[in-house]
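**Q** Based on what follows, work out the 3D shape:
(2 chains)
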Amino acid sequence: MKKILFGVYTAICIALLVWAFELAVNAPAEMMQGDAYRIIFYHVPSAMVAFLFFAISMAGSIGFLALREKNLAKALAWDAWAVSGAEVGIIFCTVVLITGPLWGYRAWGIWWAWDARLTTTLLLWLIYVSYLLMRRFASGPQMRTSSAVLGIFGGIAVPIVYISNRIPGQHPGPVFGGDRASGMDPVILRPFLWNIVAWLCWGILVLILRHGFELTQQEVAASEAELSLNA
Amino acid sequence: MKKAIAQFAAIVPIALFVWALYSLYAAPSEPPVDWRLHMSQEQHDLMVAPIDHAYRVAAYSVTWAIQLGYLAWLGLKWSGQKRVAGRK
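**A** Residues are numbered from 1 along each chain as shown, chains lettered A, B, ... in the order given. Coordinates of the predicted model:
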């Protein structure tokens, strides 16, 4: 039953992505940026999904720290969400950091500027890369605890990145909830919203897969520990 | 069959990444800085359109290269992990 549900969900995700792609490439060209503005349909939804998954990672880290001494099995379940959220979040954040300069070069004539939004996004990416490196190379019982602390700091950085484009710089200000000039033409808004839905669904699919992998890894580690105790 | 799927999963992201690089490399050159002296706004827009398109194609391709590449990597690691678990 689970497999059927997962198959249906995957099919829905693929259909949504195809539909969103169709809308993105057929959206009317923007007057100043031509075809290059269509990068928004991949760049911004990827950023939103990355922020959401970093928040999931932070929640997982908090859950792990809260439960690690009371209920180890539950704490490990929270930890699985923490590492899955961080890793899939990094994938989306990498997309943001690559599509951003491609768009920026067409719009501004430069690949990169050390303005608040770009710099804080890069720092956020580096925090989570160091989180994964710590999990990969640190050993001992404190590895999960230390990485959970780092995961919480990463989660705290997300709102800072979110509000950073209110500081004047190269990156445009907020499209929604900004000043009077903010907002989006309904003709562009529709494909934009569909792309957010599609990329969110895809992200959840990848997150579920990554979480499944983490649980398998935890099972293997537990059976290895049991075998070494029995030997 | 499984091996073919794994090879396909590995090749697609690489192909997309190469396509992204190629579309940037093959993009036409930018109009000169003083283009207003030599051409009209319409001529300029016509000249710039394929460059904008190339950058959009590169951005979309690299996005899919990253997403599918990660999925392929995860699949390979997971199948390896399951094999180890099965042996034990």
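
**Q** give me the low-pLDDT residue ranges for chain B?
**A** B:88 (pLDDT under 70).

**Q** for chain A, that is, sorry about that
**A** Where chain A drops to pLDDT under 70, the residues are A:178.

**Q** tell me which parts of it are close to chain B?
**A** Those residues of chain A that sit near chain B, judged by Cβ under 8 Å from any Cβ of the partner chain, are A:21, A:33-36, A:38-39, A:42-43, A:46, A:91, A:94-95, A:98-99, A:102-103, A:105-106, A:202, A:206, A:209-210, A:212-213, A:216-217, A:219-220, A:223-224, A:227. No exception for glycine: its C-beta is placed from N, CA and C like everyone else's.

**Q** change it to 6 Å
**A** Residues of chain A lying close to chain B by Cβ under 6 Å from any Cβ of the partner chain are A:34-36, A:38-39, A:42, A:91, A:94-95, A:98-99, A:102, A:106, A:213, A:216, A:220, A:223.

**Q** report the longest helix in chain B, please.
**A** helix B:41-87 (DSSP state H).

**Q** chain center to that one: distance?
**A** 5 Å (Cα atoms, centre = their mean, to the nearest Å).

**Q** Likewise for stretch A:111-121?
**A** Counting by Cα atoms, centre = their mean, stretch A:111-121 comes out at 18 Å from the chain centroid.

**Q** and the residue nearest to residue B:50 when sequence neighbours are not counted, which of the three is it?
**A** Using Cβ to Cβ, 6 or more residues apart in numbering or on different chains and skipping the chain neighbours, the partner closest in space to residue B:50 is residue B:28 (5.3 Å). Classification of residue B:28 using DSSP: H, G, I helix; E, B strand; the rest coil returns coil.

**Q** Return the distance of residue B:28 relative to chain A.
**A** In this view, residue B:28 and chain A are 13 Å apart by Cβ to the nearest Cβ, to the nearest Å.

**Q** Spit out the contact partners of the nearest residue to residue A:169 once chain neighbours are set aside.
**A** Leaving aside its sequence neighbours, residue A:169 sits nearest to residue A:115 (Cβ to Cβ, 6+ apart; 2.9 Å). Neighbouring residues of residue A:115 by Cβ atoms under 6 Å, 6 or more residues apart in numbering or on different chains: A:169-171.

**Q** who wins for neighbours among those residues?
**A** In terms of neighbours by other Cβ atoms under 10 Å in any protein chain shown, the contacts of residue A:115 top out with residue A:171 at 18 neighbours.

**Q** got the angle between the lengthiest helix in chain A and helix B:41-87?
**A** Counting by DSSP H, the longest helix found in chain A is helix A:186-230. Counting by axes from the mean of the first three to the mean of the last three Cα atoms, to 10 degrees, helix A:186-230 points 20 degrees away from the direction of helix B:41-87.

**Q** helices or strands next to helix A:186-230 in the packing?
**A** Applying 3 or more Cβ pairs under 6 Å, 6 or more residues apart in numbering or on different chains; DSSP states H and E, one finds that helix A:186-230 contacts helix A:2-26, helix A:40-67, helix A:72-108, helix B:41-87.

**Q** if we can go back for a sec, name the helices or strands packed onto the longest helix of chain B?
**A** Counting contacts by 3+ Cβ pairs under 6 Å, 6+ apart, helix B:41-87 is packed against helix A:72-108, helix A:186-230, helix B:2-25.

**Q** Tell me who's in contact with residue 23.
**A** Looking at chain A here, since you left the chain open. Applying Cβ under 6 Å, 6+ apart to residue A:23 gives the contacts A:191, A:194.

**Q** Oops, wrong one, chain B.
**A** Here residue B:23 is in contact with B:54, B:57-58 (criterion: Cβ under 6 Å, 6+ apart).
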